[in-house]
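Asker: Structure, please.
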Amino acid sequence: MSSANSKNLLTSVQFLKGIGEKRAERLKEVGVETVLDLLYYFPRRYLDRSHITRIKDLREDETVTVVGKVQFFGVKHGKKSRFVLVLFDGTGTLSCIWFHRVQFWAKLFERNETLAISGKVGRFGRDFQILHPDFDRISDAGGQEFLNTGRIIPLYPSSEALGKVGLDSRGFRRVLKQALHAYADNIEETLPQPLLERQELLDLKSAVMNVHFPEERRVLARARIRLKFDELFYLELMLAYRKRSMEVARKGIEFLKVGDRTRALIESLPYELTAAQKKVIREIRDDMKDDSPMNRLIQGDVGSGKTVVALVAMMMALENGYQAALMAPTEILAEQHYFGIRELLEPLNVKIVLLVGGQRKKVREAALQAIQSGEAEIVIGTHALIQEAVEYQRLGLAIIDEQHRFGVMQRVGLQKKGQTPDVLVMTATPIPRTLSLTLYGDLDVSTIDELPPGRKPIKTVWRSNKKRNEIYRFVKERIAQGEQAYVIFPLIEESEKVDLQAAVENYEALKQGLFKECNIGLLHGRMKSGEKEQVMSEFKAGNLHLMVSTTVIEVGVNIPNATVMVVENAERFGLPQLHQLRGRVGRGSKASYCFLVAKYPISQDARTRLETLSATNDGFKIAEVDLRLRGPGEFFGTKQSGMPELRIADLVKDTALLLKARDEAFDLAKGDHEILDLDNASVRVHFFKNYRDKFELSRVG
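Answerer: Numbers count the residues shown, from 1 in each chain. As a prediction, the model looks like this:
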């Protein structure tokens with residue numbers, strides 16, 4: 001493509017006829033700054049008005065398009081003024097009525113001009129009518145230019161601000177028609193011809209033109225497939241190059257030794273590792289022996305034993321003379337990892353330090369010194385681990401827990417603290433396949449798909465808050481039988497102060513009321529580290545019967561004797577969070593129960609979440625439902641996860657297309673560097689604006 005053409009497509013929309021400075025500012029708010037952006041501002045849905053209906057064939061409640069001549073028009077006054085236009089097509093008459101801006105419509109039409117009218121047919125007495133129809137003028141010269149009727153009509157994402165400057169769907173159609181007329185010839189192909197032929201894809205120019213103004217439904221379908229493929233292809237291409245850059249940028253560490261400390265850890269565990277855990281450990285071992293840097297994701301359901309697998313990997317690093325670091329998204333989770341791992345490794349004389357933001361200066365300085373000197377063999381903490389002041393003597397293994405709650409930058413930041421350390425990423429949020437191929441497409445994936453033997457499914461029910469007393473009596477019965485229980489209250493950032501107060505007040509009410517004979521503990525994120533450790537130790541020892549907590553116990557707490565959980569205001573929780581919370585019970589051999597207490601009325605989405613959790617314990621099924629409810633962007637949080645927003649592709653519905661795009665992208669990444677050249681074709685700029693920064697952030701080397 002010539003540079004002149006490139007400049008044309010990257011021209012500001014401000015210079016398009018009918019846009020101007022004010023509309024350009026509004027378009028910028030939705031990401032449309034250039035002509036290219038405008039061409040990639042896709043319709044949200046379509047109306048099919050391609051069939052012309054004769055007036056004599058009209059049926060009530062049908063949505064139709066009619067072509068005829070204006071027989072009469074004028075304002076009619078009454079209880080409510082209205083503008084009426086009567087259309088005649090030779091077979092009958094149709095009344096078109098507008099109730100708003102009646103004087104505006106009165107100046108717009110002429111007698112005997114030909115119009116195409118579209119809308120839903122209604123009746124007034126014996127006469128057919130359409131309220132507030134769409135229309136197009138049809139010139140008598142024979143050039144029938146349909147933009148709003150008589151064809152498949154695109155409807156565009158809009159907003160109140162865009163509507164105020166005339167950029168509703170009608171306005172977008174008008175602007176896009178002239179943009180395509182002026183610039184369509186500048187759209188040149190971006191994908192190799194053999195690829196287009198293999199995948200039977202429409203050429204790019206035809207796809208862009210037909211996604212906005214489709215010739216027919218079949219061509220529209222092909223246009224959408226081509227544009228979806230492009231989006232998925234470039235996303236997968238970035239991942240392919242990121243994976244390749246990790247493999248070839250630098251030589252990694254060869255962890256050749258597996259010695260007595262690793263074997264001693266496995267033998268000291270109070271349980272037998274599952275077959276799934278052993279399989280994943282073998283995969284990690286093979287990676288660590290190789291001189292290419294390991295980049296592996298471990299995913300597994302709640303309670304499947306990911307942390308122990310990561311701990312075995314840490315011991316392998318230690319035995320080869322390297323340090324290991326584990327980064328968690330919150331202080332409470334980092335602390336829980338620290339206490340749990342310290343307890344397991346105490347007999348093996350492993351030096352572990354904790355590094356989190358809220359530590360006293362003296363404690364922090366001691367931790368930093370131990371990390372720098374190499375005295376600290378395992379370092380556990382939050383994003384504090386990647387701050388500039390932290391210097392590792394010999395970091396060989398970087399582990400990121402709950403990766404979806406970090407961004408790409410944090411992962412890379414931890415890697416850069418060592419000389420190409422091996423990287424292990426863990427998530428307890430099961431990831432549907434489409435997301436694992438996109439969000440983590442540059443990682444090798446291991447799945448722990450087996451729970452420890454003897455675990456029983458957790459019986460889950462959801463109830464109205466009117467049933468609360470009945471539920472709490474059941475909890476008291478289980479406590480009387482020697483078991484322990486949790487009561488969980490929501491705590492979200494937007495209402496943290498109110499939520500925390502409610503949790504504390506309810507703790508006091510339970511303590512003074514139904515559970516006054518029981519020992520009750522309170523746990524929340526505002527407590528000091530020592531206080532939290534003391535409460536958890538008391539609960540673990542069985543000295544506390546009931547734990548009232550906010551969501552700080554969502555991950556990492558393992559109390560086999562805890563068999564009952566009550567989640568208050570369960571309608572306020574997300575599906576993955578409820579699944580994680582539920583996973584704090586059912587960790588022993590006894591029957592376990594989870595009660596989801598909802599305050600009525602609840603939304604349909606909340607009902608779906610509660611019904612899903614009651615119906616299954618399978619985290620992957622739960623994740624699929626959650627993905628359908630929230631969409632990929634919200635599923636992980638697009639901004640923090642490093643996953644670009646998709647404008648037309650749908651990761652839930654377009655799995656088959658994603659797999660094709662992935663195969664093509666990974667094959668291409670083996671050899672052709674030219675496709676990454678930003679100057680190669682201006683249309684690619686559109687994709688690289690969305691993907692390239694995220695790709696660069698995640699390069700290693």
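Asker: who's in contact with stretch 265-278?
Answerer: 281, 300, 304-305, 308-309, 311-312, 315, 344-345, 347-348, 447-453 (CB atoms under 8 Å, 6 or more residues apart in numbering). From N, CA and C alone the C-beta is placed, and that goes for glycine too.
Asker: Buried ones from those, can you make that a PyMOL selection?
Answerer: Those of the contacts of stretch 265-278 that count as buried under 16 or more other CB atoms under 10 Å are selected in PyMOL with:
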select buried, resi 281+300+304+305+308+309+311+312+315+344+345+447+448+449+450+451+452
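Asker: From the contacts of stretch 265-278, which land in strands?
Answerer: Per DSSP state E, strands hold the following members of these: 300, 447, 448.
Asker: what sits against the first one?
Answerer: Listed by CB under 8 Å, 6+ apart, the contact set of residue 300 reads 276, 306, 428, 430, 447, 448, 449.
Asker: ok, it to residue 359 distance?
Answerer: Going from residue 300 to residue 359 by CB to CB, to the nearest Å gives 31 Å.
Asker: same question, the last one
Answerer: Distance of residue 448 to residue 359, given as CB to CB: 32 Å.
Asker: Mind telling me what element residue 154 is part of?
Answerer: For residue 154, the host element (DSSP states H and E) is strand 152-155.
Asker: so what pLDDT did the closest residue to residue 106 other than its chain neighbours get?
Answerer: Closest residue in space to residue 106, ignoring its immediate chain neighbours: residue 75 at 5.5 Å, by CB to CB, 6 or more residues apart in numbering. Confidence at residue 75, expressed as pLDDT, is 91.
Asker: for residue 75, what are its contacts?
Answerer: Taking CB under 8 Å, 6+ apart, one finds 81, 82, 83, 84, 102, 103, 106 in contact with residue 75.
Asker: Present the contacts of residue 300 as TSV; the columns should include distance to residue 19.
Answerer: As requested, these are exported to TSV (distance: CB to CB, whole Å):
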residue	distance to residue 19
276	58
306	53
428	49
430	46
447	50
448	54
449	54
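Asker: Flag the least confident of these.
Answerer: For the contacts of residue 300, the pLDDT minimum is residue 430, 69.
Asker: what's the distance between residue 360 and residue 366?
Answerer: Taken as CB to CB, the span from residue 360 to residue 366 is 10 Å.
Asker: which of these two has more neighbours?
Answerer: residue 366 (15 against 9; other CB atoms under 10 Å).
Asker: can you tell me the helix or strand for that one?
Answerer: Under the assignment here (DSSP H and E), residue 366 is part of helix 361-373.
Asker: Using CSV, list the CA coordinates for that helix.
Answerer: The C-alpha atoms that make up helix 361-373 are tabulated as CSV, following Å, rounded to 0.1, in the frame of the first residue of the first chain:
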residue,chain,number,x,y,z
LYS,A,361,9.9,-0.6,58.7
LYS,A,362,12.1,-2.8,60.8
VAL,A,363,10.5,-6.0,59.6
ARG,A,364,10.6,-4.9,56.0
GLU,A,365,14.3,-4.0,56.1
ALA,A,366,15.1,-7.3,57.7
ALA,A,367,13.2,-9.1,54.9
LEU,A,368,14.9,-7.1,52.2
GLN,A,369,18.3,-7.9,53.6
ALA,A,370,17.5,-11.6,53.8
ILE,A,371,16.4,-11.6,50.2
GLN,A,372,19.5,-9.7,48.9
SER,A,373,21.9,-11.9,50.8
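Asker: Which of the residues in that helix are classified as buried?
Answerer: Result for helix 361-373 [16+ other CB under 10 Å]: buried residues 364, 367, 368, 370, 371.
Asker: Next SSE downstream of it?
Answerer: strand 378-381.
Asker: Export whichever helix or strand comes after that next one to CSV, keeping only CA atoms.
Answerer: Toward the C-terminal end, the helix or strand that comes next after strand 378-381 (DSSP H and E) is strand 395-401. C-alpha atoms of strand 395-401 as CSV (Å, rounded to 0.1, in the frame of the first residue of the first chain):
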residue,chain,number,x,y,z
LEU,A,395,16.0,-15.8,41.8
GLY,A,396,15.4,-19.0,39.8
LEU,A,397,11.6,-19.6,40.1
ALA,A,398,8.8,-17.0,40.0
ILE,A,399,5.3,-18.2,40.9
ILE,A,400,2.3,-16.0,40.4
ASP,A,401,-0.9,-17.1,42.2
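Asker: if I look at residue 527, how far off is residue 358?
Answerer: Residue 527 is 11 Å from residue 358, by CB to CB.
Asker: who has more neighbours, the two?
Answerer: The neighbour count for residue 527 versus residue 358, taken as other CB under 10 Å, is higher for residue 527 (15 against 11).
Asker: Not counting residues beside it along the chain, what's closest to the more buried one?
Answerer: residue 535 (7.6 Å).
Asker: what are the phi and psi values for the one you found?
Answerer: phi -60, psi -50 (degrees, to the nearest 10).
Asker: what's the answer for residue 115, then?
Answerer: According to degrees, to the nearest 10, residue 115 has phi -120, psi 150.
Asker: Could you find the closest non-adjacent residue to it?
Answerer: Counting by CB to CB, 6+ apart, the residue nearest residue 115 is residue 135, at 5.2 Å.
Asker: For burial, what's the neighbour tally of that neighbour?
Answerer: 21.
Asker: who does it bridge with?
Answerer: residue 117 (DSSP bridges).
Asker: Look up how far residue 109 lies from it.
Answerer: Residue 135 is 9 Å from residue 109, by CB to CB.
Asker: Let me know the average pLDDT across the host helix or strand of residue 265.
Answerer: Assessed by DSSP H and E, residue 265 sits inside helix 260-268. Mean pLDDT, helix 260-268: 89.
Asker: And stretch 666-684, by the same measure?
Answerer: 58.
Asker: Now residue 484. Its backbone dihedrals?
Answerer: Residue 484 adopts backbone torsions of phi -120, psi 160, taken as degrees, to the nearest 10.
Asker: can you tell me which residues contact it?
Answerer: 539, 542, 544, 545, 546, 547, 559, 561, 562, 563, 564.
Asker: Excluding sequence neighbours, find me the nearest residue to it.
Answerer: Closest to residue 484 by CB to CB, 6+ apart is residue 562, at 4.5 Å.
Asker: Backbone dihedrals for the one you found, please?
Answerer: phi -80, psi 120.
Asker: And it, how far from residue 486?
Answerer: 6 Å.
Asker: Please enumerate the shared neighbours of those two.
Answerer: Joint contacts of residue 562 and residue 486 (CB under 8 Å, 6+ apart) are 547, 584, 585.
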